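> make a model of this:
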Amino acid sequence: MDINMWEKQEVVRLLKGAPGTQYQEADDANKAIIRDWVRSLLQRQPITVTFVKADGTDRQMRCTLNSDFIPTRLETKNNFVAFSRAASVDGLDIVSKPAKPKKEPDEHSLRVFDLEKNEWRSFRFDRLKKVTAELNFN
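Residues are numbered from 1 along each chain as shown. All right, here's what the predicted structure looks like:
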């Protein structure tokens, strides 16, 4: 399904008054509560989120914001090591790529660390379908 089809379906859903996701139907205060709840889960442990991608397909992503699960340096697909800041190895200075300009934070999307792709990704709360977290009482 392409993005145009998904957008058309969303317009039809809204025109018919059909219910959407809990986030889509919430008022601003409840949207903030949902965003804070998801962030708090992500800061504690890895969770799985299911959402609709921009192209209209569903995606499951195991992700986190807990620094215990996020590597400090990442190996890229070509086995180059990406550093978050300048570093020195054997006396040679290694400087990371210039930082991309920061986008204005969007309260309706969240940047998370994808544990399967080992990269930073994001999802939109209004396209979030399911959050799966494992509870451990030990």
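> just the strands in this protein please.
47-52, 58-64, 74-75, 81-82, 87-89, 92-94, 109-114, 119-124, 128-132 (DSSP state E).
> so who does residue 52 touch?
Counting by Cβ atoms under 8 Å, 6 or more residues apart in numbering, residue 52 touches 6, 58, 59, 127, 129. For every residue, glycine as well, the C-beta is placed using N, CA and C.
> tell me the most packed of the residues you listed, by neighbour count.
Within the contacts of residue 52, residue 127 tops the neighbour count with 22 neighbours, counted by other Cβ atoms under 10 Å.
> quick one, phi psi at the nearest residue to residue 69 once chain neighbours are set aside?
Using Cβ to Cβ, 6 or more residues apart in numbering and skipping the chain neighbours, the partner closest in space to residue 69 is residue 46 (5.8 Å). Main-chain dihedrals, residue 46, degrees, to the nearest 10: phi -70, psi 140.
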